[in-house]
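In: Show me how the following folds:
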Amino acid sequence: DVIKGEDLVEVVLEKLRDLPQISYRKDKGARFVVTREGEAKPAQIFMSFQKKITDISQIQEAWDKGLLLQPQETGGEESFFSGYKFDERKRATVEFRKLEYPGEVIVTRRWRAEYGENVTNDLHFRIVILTGPESIDVKEIKDFRIGVCVPSSLTEAARDAARDYLALSQMEEAYRDKTGSEAEQIRSWLTSKRPEVIRDLLRKQLGIYRNGTIITAHQPGIVEKNAFLL
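Out: Got it, this is the predicted structure:
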């Protein structure tokens, strides 16, 4: 993924903040601290959660969930399909030459034959967006006004981002109700870590779709990278 210079600096600073020898607070900035044996080391605990996540299906599930994250879950940022729900037929309108054409958009984990049935009623199109790569039989697409967006396989960087998000969620759940200074320190670290993890996950979403394919009944010449330009 293309990363700007200022983003690289931010990444380095965030990695430094993870070190147990550095204490960071927004109101007081960063300072070096002496870490004694036995003290909580949130970054190391986070890494232990990461290492336990090896199931590809778990990582894919975390990726899928990340695609639908709402602004209240991300600190104000929008995920790629924020506002959608899986398998919900959501109305959408496209304007072309000053005319509006209503249609529907469906975000789904799995292709269903029913999504390829003819577009009916007052609709002019149907866009079906899969969350993972899947082989689609073109014969199941019975209307040339249906487009199926199939993403590419997750890159190593995208899998790492999804794994980090899952590890963060699991760690937050594990320490949600624990008491004591160590638990408080870990929860504070998680609060500051969450924006970094979410931001990294959202940055990976666009590339997976731009490198995917768009399938229709008549296979028109669609350039996927242009279709997903933002």
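
In: Output the longest helix belonging to this protein.
Out: helix 181-210 (DSSP state H).

In: in that one, what's buried?
Out: Buried residues in helix 181-210, counted by 16 or more other Cβ atoms under 10 Å: 182, 185-186, 189-190, 193-194, 196-205, 207-210. In this view, the C-beta of every residue, glycine as well, is placed from N, C-alpha and C.

In: separation between the residue nearest to residue 101 when sequence neighbours are not counted and residue 115?
Out: Distances taken as Cβ to Cβ, 6 or more residues apart in numbering place residue 124 nearest to residue 101, at 4.1 Å, with adjacent residues excluded. Distance, residue 124 to residue 115, by Cβ to Cβ, to the nearest Å: 16 Å.

In: same question, residue 70
Out: According to Cβ to Cβ, residue 70 and residue 115 sit 24 Å apart.

In: Let me know the pLDDT of the residue nearest to residue 101.
Out: What the model reports as pLDDT for residue 124 is 94.

In: Might you report the residue contacts of it?
Out: By Cβ atoms under 8 Å, 6 or more residues apart in numbering, the contact set of residue 124 is 94, 101-103, 145.

In: Tell me where the longest strand sits in the protein.
Out: Longest strand in the chain, counting residues (DSSP state E): strand 99-108.

In: Could I have the CA atoms of that one written out in CSV?
Out: Only the C-alpha atoms of strand 99-108 are listed here, as CSV (Å, rounded to 0.1, in the frame of the first residue of the first chain):
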residue,chain,number,x,y,z
LEU,A,99,-32.0,11.6,-14.6
GLU,A,100,-32.1,9.5,-11.4
TYR,A,101,-32.1,5.7,-11.5
PRO,A,102,-33.0,3.8,-8.4
GLY,A,103,-31.5,0.4,-7.6
GLU,A,104,-30.3,-1.7,-4.7
VAL,A,105,-26.9,-2.7,-3.2
ILE,A,106,-26.3,-5.9,-1.2
VAL,A,107,-23.2,-6.6,0.8
THR,A,108,-22.9,-10.3,1.5
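
In: and for it, what are the contacting residues?
Out: Identification of contacts with strand 99-108 by Cβ under 8 Å, 6+ apart yields 67-68, 81, 84-95, 115, 119, 122-131, 145.

In: Of those residues, select the buried ones using a PyMOL command.
Out: For the buried members of the contacts of strand 99-108, the matching PyMOL selection, counting by 16+ other Cβ under 10 Å, is:
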select buried, resi 67+68+81+84+115+119+123+125+126+127+128+129+130+131+145
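
In: Could you tell me which of the contacts of strand 99-108 are located in helices?
Out: The helices, defined by DSSP H, take in residue 67 from the contacts of strand 99-108.

In: can you pull the buried residues of the helix or strand harbouring residue 214?
Out: Take DSSP states H and E as the rule and residue 214 turns out to sit in strand 213-215. For strand 213-215, the neighbour count (16+ other Cβ under 10 Å) marks 214-215 as buried.

In: Do a quick rundown of the strands in this structure.
Out: Secondary structure of the chain by DSSP E: the strands cover 22-25, 29-32, 90-96, 99-108, 126-130, 146-150, 213-215.

In: With distance to residue 44 added, can I get these in JSON lines?
Out: Below are these laid out as JSON lines (distance: least, Cβ to Cβ, whole Å):
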{"stretch": "strand 22-25", "distance to residue 44": "13"}
{"stretch": "strand 29-32", "distance to residue 44": "18"}
{"stretch": "strand 90-96", "distance to residue 44": "43"}
{"stretch": "strand 99-108", "distance to residue 44": "37"}
{"stretch": "strand 126-130", "distance to residue 44": "37"}
{"stretch": "strand 146-150", "distance to residue 44": "39"}
{"stretch": "strand 213-215", "distance to residue 44": "41"}
